[in-house]
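Undergrad: test case, fold it:
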Amino acid sequence: MLYSILLIVHITSGTAALIGMTGAITAKVVVNHHKIHIFFGRLFIIGMLMVFLTTIPMTILRPNLFLLLIGIFSFYLAWNGWRMALNRNGKAQFSDIIGNIIMGCTSLMMIGWGCFILASGDGNGITLILFGCIGGAFALQNIRRYTRGPVKGSERIRAHLSAMMGASIAAITAFLVVNIQTDPVWVAWIAPTLAVTPFIVYMNRRVYHGRQDSDLNKFIS
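TA: Predicted coordinates for the structure are as follows:
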């Protein structure tokens with residue numbers, strides 16, 4: 001009974017996250033409306049938070065280390081993107097350091113467990129290894145950013161954009177995995193990453209080359 005309730009909340013939250021993701025991207029890329037972007041961005045964060053909070057008890061009631069690690073990875077990306085938008089002075093807070101350390105440790109677990117289950121014949125090991133490398137790269141890059149000083153200007157915008165789009169990939173992936181069967185199974189897990197990553201690179205280059213610093217704070221403030 002408890003698991004069923006958690007599952008309903010989990011699915012509802014995931015749906016809210018997808019709506020928030022779609023609205024936030026549309027508001028920024030298509031209509032360039034700042035307030036609408038913020039509204040849907042907050043909906044996305046709340047949805048991803050609730051997905052994560054329900055994942056923990058669900059994977060305890062029905063042990064599933066794979067889904068727990070994916071849940072931590074997905075929420076970290078959303079949390080990191082939110083922090084980059086919220087932290088206007090660009091100085092690392094205690095939560096920023098701890099969050100990135102947790103993701104760094106989680107990425108090692110993802111890679112290690114991914115190698116183990118892949119050797120056991122489970123193709124989802126490829127998913128864990130890939131996402132573990134991505135999460136670890138994000139965490140390491142953020143720690144390096146903060147050690148150099150406040151994260152401001154285009155660097156802050158690109159960090160926000162990359163993390164939020166990464167979290168969006170996670171939300172899309174979850175939807176595909178639940179609704180579409182692929183053979184091998186890991187195709188559905190990594191297809192959104194392969195499809196959306198070029199767009200992330202393009203948008204990062206656009207922000208880096210095309211915007212003046214005076215405009216950057218308006219982008220996500």
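Undergrad: spatially nearest residue to residue 193, not counting backbone neighbours?
TA: Excluding its sequence neighbours, the residue lying closest to residue 193 (C-beta to C-beta, 6 or more residues apart in numbering) is residue 169, at 5.4 Å. No exception for glycine: its C-beta is placed from N, CA and C like everyone else's.
Undergrad: so who does that neighbour touch?
TA: Residues near residue 169 by C-beta atoms under 8 Å, 6 or more residues apart in numbering: 192, 193, 196, 197.
Undergrad: which one of those residues is nearest to residue 33?
TA: Comparing the contacts of residue 169 against residue 33 with C-beta to C-beta places residue 196 closest, at 22.2 Å.
Undergrad: report all helices and strands that the helix or strand that closest one falls within contacts.
TA: Residue 196 is part of helix 186-210, with elements assigned from DSSP states H and E. Counting contacts by 3 or more C-beta pairs under 8 Å, 6 or more residues apart in numbering; DSSP states H and E, helix 186-210 packs against helix 124-148, helix 153-179.
Undergrad: could you tell me the least trusted of these?
TA: Here the lowest mean pLDDT among those goes to helix 153-179, at a mean of 87.
Undergrad: most centrally placed residue in this protein?
TA: Centroid-nearest residue in the chain, with C-alpha atoms, centre = their mean: residue 167, separated by 2.3 Å.
Undergrad: for residue 184, see how far away that one is.
TA: 25 Å (C-beta to C-beta, to the nearest Å).
Undergrad: the closest residue to residue 104 other than its chain neighbours - how many residues pack around it?
TA: Of all residues not flanking residue 104 in the chain, residue 139 sits nearest, at 4.2 Å (C-beta to C-beta, 6+ apart). If you count neighbours by other C-beta atoms under 10 Å, residue 139 ends up with 21.
Undergrad: also residue 172?
TA: So residue 172, with other C-beta under 10 Å, has 19 neighbours.
Undergrad: spatially, what comes nearest to it if we skip its sequence neighbours?
TA: In space, and not counting its chain neighbours, residue 172 is closest to residue 192: 4.5 Å by C-beta to C-beta, 6+ apart.
Undergrad: so what's that neighbour up against?
TA: 169, 172, 173, 176.
Undergrad: returning to what we had before: and the residue nearest to residue 193, how far from residue 6?
TA: 24 Å.
Undergrad: in three-state terms, label residue 151 for me.
TA: coil (DSSP: H, G, I helix; E, B strand; the rest coil).
Undergrad: need phi/psi at it.
TA: Dihedral pair for residue 151: phi -90, psi 110, per degrees, to the nearest 10.
Undergrad: now swap in residue 93 and tell me
TA: Dihedral angles (degrees, to the nearest 10) for residue 93: phi -100, psi 170.
Undergrad: do I have it right that it meets residue 84?
TA: No: with contact defined as C-beta atoms under 8 Å, residue 93 does not reach residue 84; the gap is 11.8 Å.
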